[in-house]
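# prediction below, plus the sequence it came from.
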Number of protein chains: 2
Amino acid sequence: MSVKNYIQEHQERFLNELLDLLKIPSVSADPKFKADVFKAADFVKESLEKAGADKVEICQTAGYPIVYGEKIIDPNLPTVLVYGHYDVQPADPYELWDSPPFEPVIKKTPRHPEGAIFARGSADDKGQFYMHVKAFEAMMAEGDMACNIKFMIEGEEEVGSEHLDIFVKENKEKLKADVVLVSDTHMISLDNPSVTVGLRGLAYMQVEVTGPNRDLHSGTYGGAVANPINVLCNMIASLQDEDNHITIPGFYDKVEEYSKEYRKALNEAPFDLDAYKKELDIDDVHGEAGYSTIERVGIRPTLDVNGIWGGYTGEGAKTVLPSKAYAKISMRLVPDQDHKEIAKLFEAHFKAIAPKSVKVKVTPHHGGAPAVVSTDTPGYRAADLAIQDVFGKSAIPTREGGSIPICSLFQKVLGLDPILLGFGLDTDALHSPNEHYGVKNYFMGIETIAAFFKNFKEEASK
Amino acid sequence: MSVKNYIQEHQERFLNELLDLLKIPSVSADPKFKADVFKAADFVKESLEKAGADKVEICQTAGYPIVYGEKIIDPNLPTVLVYGHYDVQPADPYELWDSPPFEPVIKKTPRHPEGAIFARGSADDKGQFYMHVKAFEAMMAEGDMACNIKFMIEGEEEVGSEHLDIFVKENKEKLKADVVLVSDTHMISLDNPSVTVGLRGLAYMQVEVTGPNRDLHSGTYGGAVANPINVLCNMIASLQDEDNHITIPGFYDKVEEYSKEYRKALNEAPFDLDAYKKELDIDDVHGEAGYSTIERVGIRPTLDVNGIWGGYTGEGAKTVLPSKAYAKISMRLVPDQDHKEIAKLFEAHFKAIAPKSVKVKVTPHHGGAPAVVSTDTPGYRAADLAIQDVFGKSAIPTREGGSIPICSLFQKVLGLDPILLGFGLDTDALHSPNEHYGVKNYFMGIETIAAFFKNFKEEASK
């Protein structure tokens, strides 16, 4: 029996195991889910053991643990290091989910006519890293392991991978490999399979603006005392000019400018602006003047408010002039912006623009460096060949707007370009209510991963 | 025994009865307190009956009821209509209260060395309207009623007094009086007793900005799709220019401009800017260019965001580009601005400035008209004389920034100028955590109200 047949034969179990994993609300950002995050680590450990991995261990950190496991078939064969994460984004707002986020259900959608699994983490990243566990099981069961394998599945990706950083630096020998393989991105579609070769970095800040020392009556004090919400809105508005350029001094200093040819090639990727607008139900797109939508998400940095709150937000009306207002503001970064430097520029600028009538506090949350992956490597060629084997056509190299901060870590510390072989779609509602992952994407992904191992063995020996 | 002695003799009970009333969380804005709002109406009814009122009844409306009661001593005597409200503002944020908002405690403060009652509604308005019930009881007990009295205590002041409007229009005969007496404002201090002669109006709006039809991943879509929070911040920021003038077309068309002399007189009221800033812990005040703090809260209209929310507001970081963002925005109005017209101007302008990339919904909450009270009336003179009797000095006429929308209702429908004889202080934290009301203010208020009746009988007959 072939690996492909093995996968087909065990489809139902492969799916049910993933559903079990999705039932664990392993939200790393919210301390109330702490026990569940640890439970998810245990689940990963057991599944690696069952699939046939050796030296499986839960590596404790000062935060959430990293699950490691390996199978060294032959020290002379190339080694693939698989990276993924078992933690998920918070699921709120819960009321916008059509079904509870941690009770996975399979439903058909226009983009997933064979059905998609609706659950928080289905695409990001449980459903994607678990494909590697199942591909490994299939290759082991069929005695068809073309390369050695090492797994490193972490639980803090959604909060900045702080302890992975330390772990990788302290375990260079253990993690020694010839390529890092990551499925935590999306492709254009199953008809236009693509491999991500660029990712944006991230600087994430929380700001707090304080006006008076207590909430005030807006009648008695309104108009005479600075309202921190109005001030915060003014400050946020001023962070971008009329062309949606970011006004933080020095922000663009290290942004890589691309040639006309490069930009032309980038814009040749299949993209239907009308379908895009229709799918999001918007009358117009919005972004930096002088750039296309593909460029805006691929090669340009951005600034988005991810959350804002202050004053009375309940039912009805309350005439309060609040003491405080807050916002979470993140910036997506492109090569060669340094996220720590950008965080400092933001903080200095935000404090500088605050009027004297308020006090401002700026707290950086996690950040991550942008990454660009070369297409001229055995790893990329193996990914392209694997996609050709399973999808029948070559992969389109794309730039994706999201961030996987650990990519630059792998490049810098392990000297390895990560291969971003993701199988989600951009409509999978990552980080949103009703996140889902196509059932077909899941199984084609497992097959492609197995094909990658075969091709990588060939390419690495060339 | 005199009325004054009666009040002193029953101090403890007068205080305890108020504490019992303050224990009822009669928050009219929040439907979950519905039963408590009705309970507060029952409490008012019983206390009027015990004090000696006739024809006490709970007048049902389509919203919360109005409690009515009267005592006609002699049809030939002048009649005082007492207005107050038994509903209170929401108490959130609860975590900022030093003691639970509906468990009143008495504590000393620098401005209340004899102690103040800390509870939601202590100053606004339970502690203030209840002074009238106790003054009435004392006058009745001592056989010393100089005028007839009618009580009209409502339960919807904090949500716009919608049904009071109808009630007053339908009960003109029943409410016939020579003056309306209201204690729902503050004085400068017990050393500088004042009577409010101007109040601002109010237009209160809720806005909703919708970008994409669902929450999106800010990495995948950020920079290319309008973020409704950023857009909302831009729109709010644009509502005021650099001089803090409001930019809504037509907004100032009907604003009364005052003479130099009038403004000079207004600015002669005792006011210590340094103490004001210190007390609020702010380094600078903030407001419309060209006006003093007293003018900014007294004779100029304002625009304040009372609440804002959108996106992820929990612990940690979530990289979401939200579908929606919301704000509650209120404008304080001055004569002769019409709150309904201003609400329309706001709505038209807010929709006009929305970029094509978002959809905007504007919902008006309650509003109220501004009011100016003449000082050349028997009612005002009686108030001034009563203050002289109890405080030993004449009242300073002041303009207050808050709104009591029913004032213009009394003027238009009943043809009566309300006398705004309030005993709170501007530091009583109305609408804020730790609202309180001075014990001394409470008892001096009861005494002053009784003195008002004596003086009004004299003044009305001149």
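Nice, thanks for sending it over.

# please count neighbours and contacts with C-alpha atoms only from this point.
Fine.

# residue in the stretch 151-300 of chain A nearest to chain B?
Nearest residue of the stretch 151-300 of chain A to chain B (Cα to the nearest Cα) works out as A:G219 at 3.6 Å.

# wait, what's in contact with A:S238?
Contacts here follow Cα atoms under 8 Å, 6 or more residues apart in numbering or on different chains; on that basis A:S238 touches A:T247.

# please apply the same query to A:I406.
With contacts taken as Cα under 8 Å, 6+ apart, A:I406 has the following neighbours: A:S161, A:D165, A:G368, A:A369.

# same question for A:P335.
Counting by Cα under 8 Å, 6+ apart, A:P335 makes contact with A:R200, A:G201, A:K254, A:V255, A:E256, A:P370, A:A371, A:V372.

# could you list every residue that touches the fourth one?
The one in question is A:V255. A:V255 makes contact with A:R300, A:P301, A:V334, A:P335, A:D336, A:Q337, according to Cα under 8 Å, 6+ apart.

# the last one reaches A:A371, doesn't it?
No - in this structure, A:Q337 sits apart from A:A371 without contact. The criterion is Cα atoms under 8 Å, and the distance is 10.2 Å.

# identify the contacts common to those two.
A:G201.

# so between these two, which is more surrounded?
Between A:Q337 and A:A371, counted using other Cα atoms under 10 Å in any protein chain shown, A:A371 has the larger neighbour count: 26 against 22.

# confirm for me that the residue of the stretch 151-300 of chain A closest to chain B is in contact with B:G402.
Yes - because the distance of 3.6 Å satisfies Cα under 8 Å, A:G219 is recorded as touching B:G402.

# end to end on stretch A:423-442, go ahead and measure it.
With Cα to Cα, to the nearest Å as the measure, the ends of stretch A:423-442 fall 7 Å from one another.

# and that stretch, how far out from the chain's middle?
Relative to the chain's own centre, stretch A:423-442 is displaced by 12 Å; criterion: Cα atoms, centre = their mean, to the nearest Å.

# does any part of that stretch sit near chain B?
Yes - contact between stretch A:423-442 and chain B, assessed by Cα under 8 Å from any Cα of the partner chain, occurs at A:D426, A:A429, A:L430, A:H431, A:S432, A:P433.

# show me the helices in the stretch 101-250 of chain A, by range?
Per DSSP state H, counting those that start in this stretch, the stretch 101-250 of chain A carries helices over the ranges A:126-141, A:162-170, A:218-221, A:228-237.

# what comes up buried for stretch A:397-416?
A:397-411, A:414, A:416 (16 or more other Cα atoms under 10 Å in any protein chain shown).

# just the buried members of the contacts of A:I406?
Restricting the contacts of A:I406 to buried positions leaves A:S161, A:G368, A:A369, with burial counted as 16+ other Cα under 10 Å.

# any chance of the residues you listed in a markdown table, plus distance to chain B and pLDDT?
Formatted as a markdown table, the entries for the buried ones among the contacts of A:I406 read as follows, by distance: Cα to the nearest Cα, whole Å; pLDDT from 0 to 100:
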| residue | distance to chain B | pLDDT |
| --- | --- | --- |
| A:S161 | 12 | 89 |
| A:G368 | 12 | 82 |
| A:A369 | 13 | 82 |
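
# mind putting the residues you listed in TSV, distance to A:G143 included?
Putting these into TSV (distance: Cα to Cα, whole Å) gives the following:
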residue	distance to A:G143
A:S161	34
A:G368	39
A:A369	39
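
# quick one, strands of the stretch 201-350 of chain A?
A:201-210, A:216-217, A:302-311, A:320-321, A:324-333 (DSSP state E, counting those that start in this stretch).

# break chain A into its domains for me.
When chain A is parsed into structural domains using automatic domain parsing, the resulting residue ranges are A:3-199+A:370-460, A:201-255+A:301-368.

# B:L48: which of these is closest?
Each of the domains of chain A was checked against B:L48 via Cα to Cα, and the shortest separation belongs to domain A:201-255+A:301-368, namely 29.0 Å.

# so how far is that closest one off the chain centroid?
With Cα atoms, centre = their mean, you get 24 Å for domain A:201-255+A:301-368.
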